[in-house]
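>>> Here's a sequence, model it:
(4 chains)
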Number of protein chains: 2
Amino acid sequence: MARAAGTKGQTRIQREKTEQILNAALNVFSTYGFRGSTIDQIAIEAGLSKPNILYYFDGKDTIHGVLLARLLESWLEPLEHMQDSDDPISEICAYVTRKLEMARDFPRESRLFANEILQGAPHIIDDLTGPLRALTQHKAELIQSWITAGKIAPLDPHHLIFSIWSTTQHYADFDVQVNAVLGPQSSDRFENAAAHLDHMFRATLKP
Amino acid sequence: MARAAGTKGQTRIQREKTEQILNAALNVFSTYGFRGSTIDQIAIEAGLSKPNILYYFDGKDTIHGVLLARLLESWLEPLEHMQDSDDPISEICAYVTRKLEMARDFPRESRLFANEILQGAPHIIDDLTGPLRALTQHKAELIQSWITAGKIAPLDPHHLIFSIWSTTQHYADFDVQVNAVLGPQSSDRFENAAAHLDHMFRATLKP
DNA sequence: AGCCTTCCTGACCATTCGGTCAAGAATTTT
DNA sequence: AAAATTCTTGACCGAATGGTCAGGAAGGCT
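Model prediction:
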């Protein structure tokens, strides 16, 4: 009988094929969004037949769900990592750098997330109002404590976080536009972005 | 014979209906992207029958094309408006404010654009590498001249522009996430965002 | 009024889509 | 090797989708 999703106690073929399918699906979903993607596209991308895809996964929704679940985990992690420190400015800038690296190394995941949010987040709205909101609230309080201690400039912690999210993810989500404006991909693209963002957030945070 | 697109020398009904359709189509396309949207959805949203939609427009692509064309015009305008000034910091911050107001007042247009870019900008890639790139290059040189004159801090003009685009559009494109994190829409949402961005860019630009 | 043009729609069509199934191929187990 | 299990696919199905068309309804003009 066909098993789905789980990566536990499976045969070699199952592990390989599910990964192959998820990788292909990530390509497709991150480009066209959920409704704009088709199982046929995923099948072609994965080099498998459509029924074979459906042998490993219950349906289109399931594949998408697995990808989103994986994504959310890795999405929360960097923010969780930000903690109290003697040098909160560097702590925040380290978070910025980490987020930018993720935009560089996992652009498909970022675009999958962006597509989902743009379309009203129908599949992950509970994760947004639940875990994400709780974590963000918690970190906003941490930032507020730094403000109160006079270690960083007084600003709205939530909007600071939004600025970090938007500026870093921009390089993944709007990659096409960035390329169109800057011209052919140059290798120092991300280094320049990192330098700019570091300057910007240090200036913003300086008390 | 059915006319499409143009808003010139048309009957009253033509003007009303095409606008009605474009408005409905903007709702649908901005939410689901091009491939995820259907003519039936647009028809229902517009309160018209599907054949009636196709009486006024040649097809799904045409409607989408008209919306994108309108969008690009209004998209370039604020940036064009930024010009040389004795107080470049205020000039740039005025641009930020203008962009934020557009995110507040025209979120559907912003999301339509975001969807198009996310999906690889298939319909507007020429506008990006053409007019948008030229305008951005031109304004980047203006910013560079301010740097050379020592009026603002030395930074990468292009990445500064990206930061402005991303932070402001975030409030339209990621509206669902912002709401999820901040809780029910409060009226001062945009005022707080405006204050934060003003602080951030002033700090970033200070020589 | 009567005539002409514009506007509108039910019925229809070809294609695509998500998904099923029976039966055969490959692999693993005994 | 035989048996049992897992894997794969061509053919198929019902629903949705983009789009057409003939003919009728409504609006404008004299």
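
>>> Wondering if stretch A:53-69 reaches DNA strand D at all.
Yes: Stretch A:53-69 is in contact with DNA strand D by C-beta under 7 Å from any atom of the strand, via A:Tyr55. The way it works is simple: take the backbone N, C-alpha and C, and place the C-beta from them, glycine included.

>>> near DNA strand C at all, that stretch?
Yes: judged by C-beta under 7 Å from any atom of the strand, stretch A:53-69 comes into contact with DNA strand C at A:54, A:58-61.

>>> which non-adjacent residue is nearest A:Pro107?
Distances taken as C-beta to C-beta, 6 or more residues apart in numbering or on different chains put A:Ala172 closest to A:Pro107, at 3.8 Å, once the chain neighbours are dropped.

>>> what about chain A, any weak spots by pLDDT?
Regions of chain A meeting the criterion pLDDT under 70 cover residues A:1-9.

>>> How about the residues of it by DNA strand C?
So far as C-beta under 7 Å from any atom of the strand goes, chain A lies against DNA strand C at A:11-13, A:37-40, A:50-51, A:54, A:58-61.

>>> Repeat the analysis, applying 10 Å as the threshold.
Residues of chain A lying close to DNA strand C (C-beta under 10 Å from any atom of the strand) are A:2, A:11-13, A:28, A:32, A:34-44, A:49-55, A:57-64.

>>> What subset of those is buried?
Buried by 16 or more other C-beta atoms under 10 Å in any protein chain shown: A:28, A:32, A:34-37, A:39, A:41-43, A:53-54, A:57, A:60, A:63-64, out of the residues of chain A next to DNA strand C.

>>> Centre-most residue in chain A?
Centrality entry for chain A: nearest residue to the mean C-alpha point is A:Ser110, 3.8 Å, by C-alpha atoms, centre = their mean.

>>> That one: helix or strand, and which one exactly?
Using DSSP states H and E, A:Ser110 maps to helix A:107-118.

>>> Other residues contacting that helix?
Identification of contacts with helix A:107-118 by C-beta atoms under 8 Å, 6 or more residues apart in numbering or on different chains yields A:26-27, A:29-34, A:67-68, A:71, A:74-75, A:102-103, A:122-124, A:169, A:171-173, A:175, B:31, B:33, B:111, B:114-115, B:118, B:173-174, B:176-177.

>>> the longest helix in chain A is where?
Counting residues, the longest helix found in chain A (DSSP state H) is helix A:12-36.

>>> Check whether that one comes near DNA strand D.
Yes: counting by C-beta under 10 Å from any atom of the strand, DNA strand D has neighbours in helix A:12-36: A:12-18, A:20-21, A:35.

>>> Let me see the contact set for the residue nearest to A:Pro107.
A:102-104, A:106-107, A:110-111, A:114.

>>> Let's see that with 7 Å instead.
Applying C-beta atoms under 7 Å, 6 or more residues apart in numbering or on different chains, we find A:Ala172 in contact with A:103, A:107, A:110-111.
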